[in-house]
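Asks: Let me see the structure of the following:
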Amino acid sequence: MKVVADSSVLIALAVAGKLDLLEKLWKVVLVPREVESEVLVSGKRGSEVIADAFAKGWLVVREADVERVRALVRRPVGPGELACLAVALSEGADLFLADDPAARKAAAELGTGVVGTVGVLLMGVRHGHLPAEELDGIARTLLSGGVRLSARLVEVLRVAARGSGTETSGT
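Replies: Purely as a prediction, here's the structure:
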């Protein structure tokens, strides 16, 4: 399965100390150069952990032909998200990891599956890479680390942590 990640998911998982879930779930994750530039800014939250993932070779940079997809995307999305969509289309990616609502809708309109940070965490639980009991603490870490999560998504994590939750579509 080919997977492309946007900066929001990379940063959130790095802040939570769970960036390695991406490697465990997919072995290799593609990232456009624009996103690499966003996440490797010195002093940015999670940048050292993300840099280590690039160095280990499981986060892989791909060049994006943004102009090719600009006309296909009918929603205003940022340059990083647009580059991710370009890489997803050129690589035939099955999944786009993003939290931005407009980028998620654009990916769905282009026929690419979408999962956000919370969805990745729930997949980690489902595949045995993350104990469900850790999800409530991860939610607190994300919120205290400045990662924006809606009250609904925090509740999804808390319910899953209690063991009675199942993955919610669109997470």
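Asks: What segments of this protein are strands?
Replies: 3-5, 29-32, 59-62, 95-97, 113-115 (DSSP state E).
Asks: Residues contacting the last one, please?
Replies: I take that to be strand 113-115. Here strand 113-115 makes contact (CB atoms under 8 Å, 6 or more residues apart in numbering) with 94-98, 104, 107-108, 123, 170-171. Using the backbone N, CA and C atoms, a C-beta is placed for each residue, glycine as well.
Asks: buried ones in the longest helix seen in the chain?
Replies: Secondary structure assigned by DSSP state H gives helix 79-91 as the longest helix of the chain. Buried residues in helix 79-91, counted by 16 or more other CB atoms under 10 Å: 80-90.
Asks: same for it, what does it pack against?
Replies: Counting contacts by 3 or more CB pairs under 8 Å, 6 or more residues apart in numbering; DSSP states H and E, helix 79-91 is packed against strand 3-5, strand 29-32, helix 33-39, strand 59-62, helix 66-70, strand 95-97, helix 101-109.
Asks: Output these as TSV; include the columns mean pLDDT, distance to residue 131 and mean neighbour count.
Replies: Output for the helices and strands packed on helix 79-91, formatted as TSV (pLDDT from 0 to 100; distance: least, CB to CB, whole Å; neighbours: other CB atoms under 10 Å):
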stretch	mean pLDDT	distance to residue 131	mean neighbour count
strand 3-5	97	23	26
strand 29-32	98	22	26
helix 33-39	94	27	21
strand 59-62	97	24	17
helix 66-70	83	39	14
strand 95-97	97	21	27
helix 101-109	91	27	18
